[in-house]
Structures are given as C-alpha cells and as structure tokens.
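Undergrad: what's the 3D shape of this:
(one chain, ligands or ions: 1)
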Amino acid sequence: MEKKNVLKKPSIDEMTAFCKRKGFIVRSGEIYGGLAGFWDYLFLGSELKNNLKNAWWQFHVRERDDIEGIDGAIITHPDVWKASGHVDSFSDVFVVCKSFKKPGKVDKSELGKVKCECGGEYDSSSAKEFKLMFKTEVGLKDYGYLRPETAQLIFANFKAVFDGARMKLPCGIAQMGKAFRNEIAPRNFIFRCREFEQMEIEYFIKPKEKCPYDIPNVEVLVLASGETKEKKMSLKEAHKKKIIKKDWHAYWLGQELSFFKSLGANLDNFRIRQHDREELAHYSSDCWDLEYNFPFGWKELQGIADRSDYDLKQHQKFSKTKMEVLDEETKERFIPEVICEPSLGVERALLVFLYEAYNEREKENIVLNFNPKLSPVKVGVFPLIKKEEFENIGLSIFHNLRKKWNVVYDKSGSIGRRYARQDEIGTPYCITIDGDSVDSGTVTIRNRDTTLQKKIKIEKLEETLGKLLYGEFTFESLK
Ligand code: ATP
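TA: Numbering: from 1, shown residues only. This is a model prediction of the structure:
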C-alpha cells in the first residue's frame, strides 16, 4: 500500500462520519435515533467486512493443513455457558467517573487501579457487577443465551471435529461469526459494540509439545509485564530472552502480525502487551494482547491466551462426554491443552484497516489505500464521454468483469470526479473507454495508489486485473 501525502489521521468521530457519508457503516435503527452498540453495514461496509472475513479464513483455515473450521449456532444451550463459567462470572464492573458522572466499565482485575479515559477517578462506591450475556426465550418454556464468544462452540464440538476430520495434534479449530455482549459503555464507533463478530482459533497440543514451526521473522514493539515502555525487537529475540516464554506464543503472535502485514498494515502501529499476573485467568500461565495505536490510544485488537485443558475438562465434566484423545505412542488417553487462543474481533480489525488505508491527497481528496483484496469495489468502468460507442464497450466490459468481482459502472460527471469518487472508497483500478477502444481495442487502466495510467488490450483486461488484484504482478511491471 503506497502512502501519499499523509496528513493527520481522522479522529474516531470523523471516521464515524466518513463511514456514514460514504455508505460503509451507520448506527442500526438510525432513522429512529440509533441503538447504542449496534451498527448496520451498508453497500460498501458489507463488502469490506466479507472481504476481511474471507481473507482471515483463507489465511488461517484453507491454507493450513492443521486447522478445520466450524459455524455454530448463535443462540446456545445454557449448559454450554454453565460449563464454561460464563453464567456465573462473565461480568464487568459498572463504575461512574467522578469528574463528569460518565458511566464506564472496568474488568474486575482493574478495579481501583485504572482511571476514566478523561483522566478522572472512578467513584468506588458506584461500583457494581454487571452480567454481560444476553438471555432469550426458546419456545414456550426453554431459554438460551446469545453466545458472548465463538470459542465455547469449538470446545463443545471438539470431539466431533477432531474425530470426524481425522485430525492429529498439534491442530486447531476455527470459527468466525456473531457474538453478543451487553456492554455497559459501548463507544468509539465499532471498537466496542454489543453485537459484533469474532474470528477465533483454539489451538490444541499434547501437554508440553514443542512448536514445530519457525517463529515468523517479524519485528514489533514489545511491552512486557511490569514494564512501562515498549521496546522494538524481533519475536525470535523476545522468545530467546524469555520475555515471550512459550515458543507457541511467539509463533502465533508472528502469524497474527503476518496476517495484518499481508493485507498491507504497517506493523509500526502495532505492539504486543503481556498480561500482568493479576489480569490472568486462574488456568492461564501467560497471555499476550495484540494492540493497535488507535486515535483514542493503544487498545486491544486481539487476545492470544493460553487456556490449558480447562475448557475441555469443564465440558467433559458437565456433559459427561469424553473429550480425551489417544496418544499413538503410549496408547494412553488424555485431554489436549489449548496452548493458544488467537481471538480477533472483526470490527476492531476492520477499524484498523480503515485507519491504515485512510490518506488525504492534495485538495482534500481522501484516498483509501486498501489492499485490493479488501477493497469493497475492485474496478470502476467509465466511458470517457457519453457516446453510444464508448458506452457499449464499457457496458460489455462491466457485465463481463462483474461475474468475478464487485465492479461499478459510472458515466456521470467529469473523469477526474469519477476517479476521485472511487479513490475515496478504495477502488484499486479504474478502466476508461475512449476513441482508442473503438479504433484499436485498448482501454486505459489507472492505478489508485500512484494515479499512473497505462493502455491495455481489452482481451487481456480480465486476466491482467486478476493478477493485479491478487498481487501476482505490480502495475509498474505492466507492459
Ligand atoms: P475488552 O477488554 O476490550 O472488553 P476482552 O478482553 O473482553 O476485550 P475477549 O473476550 O478477549 O475481549 O474477546 C476477544 C476479542 O473479541 C477482542 O480482542 C476484541 O477484538 C473482540 N471483542 C471483544 N469484545 C468486543 C466488543 N464489545 N466489541 C467489539 N469487539 C469485541
């Protein structure tokens, strides 16, 4: 992604307004005043979100031999959440800031230690526990919970997937989809919602099994537990110095950073932060968060926890279904451990890619320099002027290309205005039909990031665009 004339990044309110204006995301029920924590993805937002989810699934499931995917129910059996501990203890603490009487939330471990975003102290006498799961009726007399995470469905289906797909440890099960939390204070646009999506993996190993994969060669800011300032280092170095204690954690942090990098993110805006002792769940020995430098500060993008065999044991106990697998060498049965649970919110990742892509060119033109894989519209097709011959060629190209990609056809306004409209929504390539198209069968193809233009034969267009969109060659190398 080429960065040009980067001015200041928009505040979160400016980004919210931009996304509404361009047709990405609006408050759900906007015409009735909106409902806090719920958002609707419009014609561009829904494409962008699907592209992001597809890229995640491709990277984490399809391109790996050791991970299978599932898609579980949203309203779930209450016993799943009793076994996991959510019914008893999935809650935050509701607090009120002394300065502006603004309500907020803190984790139980943060009570008395953290301040409000405005810098004010929380009033400890206002603190009360707040349960986060949405409960709903099922039929006449039953009830269920809207899942607050996708992970537990992975555990509950562990045996069916492990045996059915004939998996071998080490291996993982992935799921992406909706999750619901009755957040006390949804804010910062789509950063904290009540309805959101997660992309999660539970990665299982035999206890003490070493990581057979190389730690990816990635440099990042590292904030170790107890430190106040982050240090830039490679993940290999952080592991060698025992800052990242487990090889598996270094490997998965590297995988996740590589995923963001593969879609054009600048890793200078990311850091990894180790949880302090008191933040750790009782069954977890180490946990790292991947954080991003949002305009409202460094915030959690993704948790990478070690969950041990806690969840499978709990589901075995509550359901009386054996969760054990056979050790081929010793012929003994054991419960696998989750060494890593990379858990990423779709909305937070989407916000990262919006910030990474957002740039301003001269004359206040906004350009979204999305990686083409993420771009909601892949190609714009324009007849240079309103002329029947140009329009016929344009429409035939448009109808052909849209069988493969989301493509727009635009014949209104000056050509400069039409380019600018596509730049603003991140369309990587625009095709213009002119006199040469009629005379010699060529069209002009324009690159969003450099504004460079080249002539290309119409019969080569589809193949060339395919290669450009999927990074098989660069625009500059185009003959
Ligand atoms: P936070 O401390 O920000 O509330 P969390 O630690 O409770 O997050 P997890 O339970 O670890 O979050 O969930 C895993 C991921 O799911 C988070 O890293 C985040 O990307 C996403 N996520 C969690 N809650 C929300 C939410 N309310 N809105 C959007 N995404 C969320």
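Undergrad: can you give me phi and psi for Pro103?
TA: Reported as degrees, to the nearest 10, the phi and psi values for Pro103 are phi -70, psi 150.
Undergrad: Next, the buried residues of stretch 372-391.
TA: Of the residues in stretch 372-391, those buried by neighbour count under the rule 16 or more other C-beta atoms under 10 Å are 372-384, 387, 390-391. Placement of C-beta: from N, CA and C, glycine included.
Undergrad: One more: stretch 24-44?
TA: Of the residues in stretch 24-44, those buried (16+ other C-beta under 10 Å) are Phe24, Ile25, Val26, Arg27, Ser28, Gly37, Trp39, Tyr41, Leu42, Leu44.
Undergrad: Looking at those, which one is closest to Arg273?
TA: Closest approach between the buried residues of stretch 24-44 and Arg273, by C-beta to C-beta: Gly37, at 25.0 Å.
Undergrad: Closest residue of this structure to the ligand?
TA: Proximity of the chain to the ligand (C-beta to the nearest ligand atom) peaks at Gly345, 2.5 Å away.
Undergrad: By mean pLDDT, flag the weakest helix or strand of this protein.
TA: The helix or strand of the chain with the poorest confidence is strand 103-106; it has a mean of 84 (mean pLDDT, DSSP states H and E).
Undergrad: Tell me where this protein has helices.
TA: With helices called from DSSP state H, the chain shows them at 12-22, 45-57, 78-84, 86-89, 151-156, 158-164, 235-240, 247-262, 310-319, 346-357, 388-401, 415-425, 435-440, 461-469.
Undergrad: Out of those helices, the one nearest Tyr283 is which?
TA: Once these are compared by C-beta to C-beta, helix 310-319 is nearest, at 3.9 Å.
Undergrad: do stretch 310-318 and the ligand meet?
TA: No. Using C-beta under 6 Å from any ligand atom, stretch 310-318 stays clear of the ligand, with a minimum separation of 13.5 Å.
Undergrad: Around the ligand, which positions in the protein sit nearby?
TA: So the chain meets the ligand at 149, 181, 183, 192-193, 196, 198, 300-303, 343-345, 347-348 (C-beta under 6 Å from any ligand atom).
Undergrad: now, which of these lie within strands?
TA: Counting by DSSP state E, these place Phe196, Gln198, Glu300, Leu301, Gln302, Gly303, Ser343, Leu344, Gly345 in strands.
Undergrad: Touching, the fifth one and Tyr292? I think so.
TA: No. Look at Gln302 against Tyr292 with C-beta atoms under 8 Å: they stay out of range, at 9.0 Å.
Undergrad: what sits in contact with each of these two?
TA: Common neighbours of Gln302 and Tyr292 (criterion: C-beta atoms under 8 Å, 6 or more residues apart in numbering): Arg348.
Undergrad: In terms of neighbours, single out the busier of these two.
TA: Taking other C-beta atoms under 10 Å, Gln302 and Tyr292 do not tie; Gln302 has more neighbours (27 against 22).
Undergrad: what sits against the more buried one?
TA: Gln302 neighbours (C-beta under 8 Å, 6+ apart): Glu256, Asp289, Leu290, Pro342, Ser343, Leu344, Gly345, Arg348, Ala349.
Undergrad: try 7 Å
TA: Neighbouring residues of Gln302 by C-beta atoms under 7 Å, 6 or more residues apart in numbering: Glu256, Asp289, Leu290, Pro342, Ser343, Leu344.
Undergrad: And stretch 420-431, end to end?
TA: Stretch 420-431 has an end-to-end distance of 13 Å (C-alpha to C-alpha, to the nearest Å).
Undergrad: same thing with stretch 275-286?
TA: Taking C-alpha to C-alpha, stretch 275-286 runs 7 Å from one end to the other.
Undergrad: Also stretch 30-40?
TA: In stretch 30-40, first residue to last residue: 9 Å (C-alpha to C-alpha).
Undergrad: neighbouring contacts of that stretch?
TA: In contact with stretch 30-40 (C-beta under 7 Å, 6+ apart) are residues Ile25, Val26, Arg27, Ser28, Gly29, Glu183, Pro186, Ile190, Cys193, Arg194, Glu195.
Undergrad: Check the residues you listed and tell me the two furthest apart.
TA: Greatest spatial distance among the contacts of stretch 30-40 (C-beta to C-beta): Val26 and Glu183, at 19.0 Å.
Undergrad: show me where pLDDT drops low in the stretch 351-479 of the chain?
TA: By pLDDT under 70, the low-scoring segments of the stretch 351-479 of the chain are 362-363.
Undergrad: run the last query once more with 90
TA: Low-confidence segments of the stretch 351-479 of the chain (pLDDT under 90): 360-365, 478-479.
Undergrad: Check the chain too.
TA: For the chain, the ranges with pLDDT under 90 are 1-9, 97-127, 277-286, 305, 328-329, 360-365, 478-479.
Undergrad: Of the ones in strands among the residues of the chain next to the ligand, keep whichever come out buried.
TA: Phe196, Gln198, Leu301, Gln302, Gly303, Ser343, Leu344, Gly345.
Undergrad: what sits against the fifth one?
TA: The neighbourhood of Gly303, defined by C-beta under 7 Å, 6+ apart, consists of Cys287, Asp289, Ser343.
Undergrad: Same question for the first one.
TA: Contacts for Phe196 were tallied using C-beta under 7 Å, 6+ apart; they are Ala179, Gly345, Val346, Glu347.
Undergrad: do the third one as well
TA: With contacts taken as C-beta under 7 Å, 6+ apart, Leu301 has the following neighbours: Leu290, Glu291, Tyr292, Leu344, Arg348, Ala349, Val352.
Undergrad: And the closest residue to the third one other than its chain neighbours, how close does it get to Asn293?
TA: The one in question is Tyr292. Counting by C-beta to C-beta, 6 or more residues apart in numbering, the nearest residue to Tyr292 once its immediate chain neighbours are dropped is Leu301, at 4.7 Å. Remark: distance between Leu301 and Asn293 (C-beta to C-beta, to the nearest Å) = 10 Å.
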